[in-house]
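**Student:** give me a model of this one.
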Amino acid sequence: MNALSVSDLSITFSGARKAFTAVHGVSFDIASGETFGLIGPSGCGKTTVLRAIAGLNVNWQGAISVFGEPLQSGKKIAGTLRDNIQMVFQDPYSSLHPRHTIQRILGEPLSLRGVKDVEAQVRTALDQVGLPAAASRRFPHQLSGGQRQRVAIARALLLRPRLLLLDEPTSALDVSVQAGILNLLNDLKASHGMTFVLVSHDPGVVAHMCDRAAVMDAGAITRIMDRADLSKLS
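**Tutor:** A predicted model of the protein is given here:
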């Protein structure tokens with residue numbers, strides 16, 4: 001069974017004067033445990049595809065299934081499937097509440113699910129991403145960009161997802177920090193047995209992380225690259 005199957009996915013946005021189709025008939029399958037990339041220039045539709053899989057955009061046509069369970073167009077993702085699909089966004093600062101401590105940011109999803117010993121689980125999550133327990137008492141603005149992205153990754157991992165969606169996870173970071181985040185993601189993937197979908201415009205990042213990748217242009221997939229193809233990008 002595939003971790004993710006996308007078939008003939010199309011996404012259209014309604015404008016003031018006319019509709020704009022951002023994604024045209026996109027199809028791909030991802031095996032369980034695979035890291036699959038969506039690569040292409042800004043505006044090509046790759047993040048739009050990712051947001052549909054994440055349930056952040058429910059207005060789409062086609063078919064999407066995650067671990068054999070179909071998503072429903074027009075409906076939010078709920079239940080176990082919601083926990084199994086988590087997303088790490090491009091800008092770690094904008095995705096973290098500026099007035100909440102890291103403890104609250106990480107602990108609230110667990111508390112809402114009735115999880116016991118939330119503080120201990122938060123400490124464990126921070127440790128997994130290489131942050132000290134003391135970071136839980138800080139606010140996002142008191143952390144560096146790399147530390148904030150580690151918090152965002154920790155938040156995604158707390159619900160133990162099977163599918164992790166990564167939207168340009170290092171593009172807002174200094175080059176010196178990028179390698180550490182990418183290596184952290186690979187280590188966590190191996191230890192948690194997750195499947196990754198990685199959106200990037202950087203061929204080097206895709207070559208480092210992915211088993212296969214789809215090249216997108218103007219809302220459509222133009223090519224699927226295997227490991228041999230990707231090795232030529234690095």
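
**Student:** run a quick neighbour tally on residue 161.
**Tutor:** Counted with other C-beta atoms under 10 Å, the burial measure for residue 161 works out to 18 neighbours. Every residue, glycine included, has its C-beta placed from N, CA and C.

**Student:** go on, residue 2?
**Tutor:** Here the neighbour count serves as a burial measure; for residue 2 (other C-beta under 10 Å) it reads 16.

**Student:** check residue 129 too.
**Tutor:** Residues within reach of residue 129, counting by other C-beta under 10 Å, total 22.

**Student:** residue contacts, it?
**Tutor:** For residue 129, the contact set (C-beta atoms under 8 Å, 6 or more residues apart in numbering) comprises 150-151, 153-154, 157, 184, 188.

**Student:** quick check: it vs residue 37, distance?
**Tutor:** Note on residue 129: its distance to residue 37, by C-beta to C-beta, to the nearest Å, is 22 Å.

**Student:** where does the prediction get shaky in this protein?
**Tutor:** In the predicted model of the chain, residues 234 satisfy pLDDT under 70.

**Student:** now the spatially most central residue of it: which helix or strand?
**Tutor:** Among the residues of the chain, the smallest C-alpha distance to the mean C-alpha position (C-alpha atoms, centre = their mean) belongs to residue 165, namely 2.1 Å. When elements are defined using DSSP states H and E, residue 165 is found to belong to strand 163-167.

**Student:** run the chain-centre distance for that strand.
**Tutor:** Strand 163-167 sits 2 Å away from the centroid of its parent chain (C-alpha atoms, centre = their mean, to the nearest Å).

**Student:** show me what it is packed against.
**Tutor:** helix 46-54, strand 85-88, strand 195-200 (3 or more C-beta pairs under 8 Å, 6 or more residues apart in numbering; DSSP states H and E).

**Student:** of all those, which one comes closest to residue 25?
**Tutor:** Residue 25 lies closest, by C-beta to C-beta, to one member of the helices and strands packed on strand 163-167: helix 46-54, at 11.5 Å.

**Student:** can you name the element that comes right after the closest one?
**Tutor:** strand 61-66.

**Student:** what bridges to residue 200?
**Tutor:** The residues listed as beta-bridge partners of residue 200 by DSSP bridges are residue 39.

**Student:** quick one: contacts for it?
**Tutor:** Contacts here follow C-beta under 8 Å, 6+ apart; on that basis residue 200 touches 37-39, 168, 171, 206.

**Student:** let me have the residues you listed in JSON lines, extended by neighbour count and distance to residue 83.
**Tutor:** Putting the contacts of residue 200 into JSON lines (neighbours: other C-beta atoms under 10 Å; distance: C-beta to C-beta, whole Å) gives the following:
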{"residue": "37", "neighbour count": "26", "distance to residue 83": "24"}
{"residue": "38", "neighbour count": "28", "distance to residue 83": "23"}
{"residue": "39", "neighbour count": "25", "distance to residue 83": "28"}
{"residue": "168", "neighbour count": "21", "distance to residue 83": "23"}
{"residue": "171", "neighbour count": "14", "distance to residue 83": "27"}
{"residue": "206", "neighbour count": "24", "distance to residue 83": "27"}
